[in-house]
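> How does the following fold in three dimensions:
(4 chains)
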Protein chains: 2
Amino acid sequence: MSVSIRDVAQKAGVSLGTVSNVFNRPDAVAPSTLKKVQKAVADLGFVPNASARTLRAGKTRVLGLVVPDISNPFFTDLSKGVNDAVLAAGYVVILCNTDESSEKEDKYLDVLVAQNVQGVLITPARDSYSNLKAIADRGIGLTLVDRSAIGLEACSVGVDDAQGGALALQHLYELGHRDIMLLTGATNIPQVAEREKGIKAAIADMPASKRPHLTTVRVDAMSTYGAQEVLEKYLKDKKLDFTAIICGNDLVALGAIRTLRAKGYDVPTDVSVIGYDDIDFAQSATVPLTSIAQPKYQLGFAAAELAIAECENPGKHTHQRIEFQPQLIVRGSTGPVSKKSKGA
Amino acid sequence: MSVSIRDVAQKAGVSLGTVSNVFNRPDAVAPSTLKKVQKAVADLGFVPNASARTLRAGKTRVLGLVVPDISNPFFTDLSKGVNDAVLAAGYVVILCNTDESSEKEDKYLDVLVAQNVQGVLITPARDSYSNLKAIADRGIGLTLVDRSAIGLEACSVGVDDAQGGALALQHLYELGHRDIMLLTGATNIPQVAEREKGIKAAIADMPASKRPHLTTVRVDAMSTYGAQEVLEKYLKDKKLDFTAIICGNDLVALGAIRTLRAKGYDVPTDVSVIGYDDIDFAQSATVPLTSIAQPKYQLGFAAAELAIAECENPGKHTHQRIEFQPQLIVRGSTGPVSKKSKGA
DNA sequence: CTGAAAGCGCTTACAG
DNA sequence: CTGAAAGCGCTTACAG
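Below you'll find the model as predicted:
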């Protein structure tokens, strides 16, 4: 149905191999021949058949990106980064959304093997990486995204969550806050645990006399309602015993702000609130939210670059881990501790 | 590097063709042979090489999905629908994010041609479809998403925006509202124009004596701030002359609610507010938002099904358009018109 | 029901 | 610098 290299060769009056050379080693072709062939290519609208090319050369220039939930903006932005890196390098990416299901993940992995992808970028849905080893054994490059590559021969990219926690704490500390609530989720969520660790480490690093006091309160669900419920209960028959809250994520922060305002406390005059994730809505909220942003796009871009580097140089590629730093985004929900609340 | 069909044939003690038949026409293989081959396949971990398969059979079972902005939840959910449909059918999809750029779109289209995709699902970045004709001419199936296929031999899927507007109006009408503000964007946005048309048509359909009165107010930016600014100005030295607002989207609705509450009006007691899009945050808002939702997932699923149908049956496929109905999601921001506000 | 053979479109040594 | 030839891994009539 389509134009083949044979048609181009005929039209340009050269052999098959010469046309191929024009695409793969243009330096090895005489300039006049090059021009002739390029004209024929343009005239016929020839695009080399990737399947044939792959079959012969063994390289597909196709990558697979496997994510647990593409509706999560984290993965959406990440996937944009992957796509941009990949497009620049002449690669293509097959996106696989596992919906956090191991079965779907396995299925997609098979699909990717069948498609002869040269590399797989993945945020695994489960802790066990057994299904990934099969991929690596097939010689397919593996890049772990937002996970570490423990026990795997693979590159990985991630964000320094401990640092994210520390950033939040330091920001509040610099604003003068010394009584801080940590309103977060269960410790079995790795990210939650890691950030908490970062907060505590930052506190431990301070001179004992100046260390802020941290009260940890856990919500069942890291949602607006989950936060409201818990915080309302906490404030029930107690006076405010903190001047700032570090929240597990932005939804929790929004819920906290709502509760505080309902109780007649102003944010940030009475209480500063800091979120995590920097979701899209953070800047449109009633009180624009100070938050910790993750370099999602860069994460994807870097992961794709690692994967492509491995594809281009499978022999002497050394695996590496790239860890990005989260970023503090200051908006209206945090401010200096006021004399009023300090006194309270 | 990999296990080939030849290895399987050898291990199972059958010929090449028989192994192929096991994959492509299992009915034509004797049960005992089938089992022998399947065992060999499992033992060796054989996965057929898609490139070779494609090259020979001419079918790649690969689709391209080209969207202007994957960070927009509309396209994210849509892409989930596409992926699920595609996975079920044993296809694979290459996701292309054009960032609304025509150049990127053209580049991706070339990439997709080179990858031998069998079909392209696209929400074009520009109005002219000239670059799409080239795709169609190559025999690649084309499916327009959230656009009509005027001037193209192609299937298309979309949402009935006029109906969306009508739904919003009718909901408020049934709650007794007769003085309604339409707070929306510029009419050169097709979706805005179409919804407005639907609202007006719905009003025109009512008996003249009962027709609600519609005041249209336009915002520069369909954002929270854009809405606040315009509405504050409108309410400056005027009493409330409406009991409900239909908003251009959910962000506008959130801004409207904020302004109303700041002025001391309760939502929905004094004023009902309805949004559009049903963004994720709509249900977590201070006043959970009544909104018009679009069947994004279904849109993608249906588009993929159309595309696959065309791939499977390129000869006698008739192009069709599938138009989905938007859906009213009732939450707390709308309620019956109160006697108080009615009297005002 | 099974096997031998041709060929999909390209790349890559290799000889000239 | 150019061309003829082999072969990547599979599918598909075709003969048996």
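
> Nearest residue to A:L289 in space, please, no chain neighbours.
Of all residues not flanking A:L289 in the chain, A:A282 sits nearest, at 4.1 Å (Cβ to Cβ, 6 or more residues apart in numbering or on different chains). In short, each C-beta sits where N, CA and C put it, glycine included.

> Roughly how far does A:E174 sit from A:L328?
10 Å (Cβ to Cβ, to the nearest Å).

> higher neighbour count, these two?
A:L328 (16 against 9; other Cβ atoms under 10 Å in any protein chain shown).

> Provide a list of residues in contact with the residue nearest to A:L289.
A:250, A:275, A:288-289, A:291, A:329, A:331 (Cβ atoms under 8 Å, 6 or more residues apart in numbering or on different chains).

> now with 7 Å?
The neighbourhood of A:A282, defined by Cβ atoms under 7 Å, 6 or more residues apart in numbering or on different chains, consists of A:250, A:275, A:288-289, A:291.

> Show only the entries of these found in helices.
Applying DSSP state H to the contacts of A:A282, the entries found in helices are A:D250.

> can the contacts of A:A282 go into CSV with extra columns for distance to DNA strand C, neighbour count and pLDDT?
Formatted as CSV, the contacts of A:A282 follow (distance: Cβ to the nearest atom of the strand, whole Å; neighbours: other Cβ atoms under 10 Å in any protein chain shown; pLDDT from 0 to 100):
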residue, distance to DNA strand C, neighbour count, pLDDT
A:D250, 48, 25, 94
A:G275, 50, 30, 97
A:P288, 53, 16, 92
A:L289, 51, 29, 96
A:S291, 48, 28, 98
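
> hmm, back to that, and the residue nearest to A:L289, how close does it get to A:T98?
From A:A282 to A:T98 the distance is 27 Å (Cβ to Cβ).

> Export the contacts of A:A282 as CSV, with columns for distance to DNA strand D.
As requested, the contacts of A:A282 are exported to CSV (distance: Cβ to the nearest atom of the strand, whole Å):
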residue, distance to DNA strand D
A:D250, 48
A:G275, 51
A:P288, 56
A:L289, 53
A:S291, 50
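
> Phi, psi for the residue of chain A positioned farthest from its centre please.
Of all residues in chain A, A:G13 has its C-alpha farthest from the mean position, at 50.7 Å, by Cα atoms, centre = their mean. The phi/psi pair for A:G13 (degrees, to the nearest 10) reads phi 70, psi 30.

> So which bits of the stretch 1-150 of chain A are right by DNA strand D?
A:14-18, A:21, A:27-30, A:32-33, A:52, A:55-56 (Cβ under 7 Å from any atom of the strand).

> let me fix that: the stretch 201-344 of chain A
Counting by Cβ under 7 Å from any atom of the strand, no residue of the stretch 201-344 of chain A is near DNA strand D.

> Please enumerate the helices of the stretch 201-344 of chain A.
For the stretch 201-344 of chain A, the helices defined by DSSP state H, counting those that start in this stretch occupy A:224-235, A:250-262, A:296-312, A:339-343.

> Any part of stretch A:69-81 near chain B?
Yes - counting by Cβ under 7 Å from any Cβ of the partner chain, chain B is contacted by stretch A:69-81 at A:70-71, A:73, A:76-77, A:79-80.

> again with stretch A:20-27
No - using Cβ under 7 Å from any Cβ, stretch A:20-27 stays clear of chain B, coming no nearer than 10.9 Å.

> For that stretch, list every residue counted as buried.
Across stretch A:20-27, burial judged by 16 or more other Cβ atoms under 10 Å in any protein chain shown covers A:20-22.

> cool, and stretch A:256-273?
Result for stretch A:256-273 [16+ other Cβ under 10 Å]: buried residues A:256-261, A:267-268, A:270-273.

> now stretch A:116-130
A:116-125, A:129.

> and which of those is nearest DNA strand D?
DNA strand D has its nearest neighbour among the buried residues of stretch A:116-130 in A:N116, at 9.2 Å by Cβ to the nearest atom of the strand.

> residues touching the closest residue to the closest one other than its chain neighbours, list them.
In this structure, A:N116 finds its nearest non-sequential neighbour in A:T60, 4.6 Å apart by Cβ to Cβ, 6+ apart. Contacts for A:T60 (Cβ under 7 Å, 6+ apart) come out as A:54, A:116-118, B:51.

> could you point out where chain A is predicted with low confidence?
A:1, A:339-344 (pLDDT under 70).

> And the most centrally placed residue in chain A, how close does it get to DNA strand D?
A centroid search over chain A (Cα atoms, centre = their mean) returns A:K296, at 4.0 Å, as the residue closest to the centre. Distance, A:K296 to DNA strand D, by Cβ to the nearest atom of the strand, to the nearest Å: 37 Å.

> Excluding chain neighbours, give the residue nearest to that residue in space.
Nearest to A:K296 is A:D77, by Cβ to Cβ, 6+ apart, at 3.7 Å.

> three-state assignment of the one you found?
Secondary structure, DSSP: H, G, I helix; E, B strand; the rest coil: A:D77 is helix.

> Pretty sure it sits against A:P295.
No - assessed by Cβ atoms under 7 Å, A:D77 is found out of contact with A:P295, at 9.0 Å.

> how much space between A:H213 and DNA strand D?
For A:H213, the distance to DNA strand D - Cβ to the nearest atom of the strand - is 65 Å.

> Now for that residue: which residues touch it?
A:178-179.

> if we can go back for a sec, excluding chain neighbours, give the residue nearest to the residue farthest from the centre of chain A in space.
A:G13 sits nearest to A:K36 (Cβ to Cβ, 6+ apart), 7.1 Å away.
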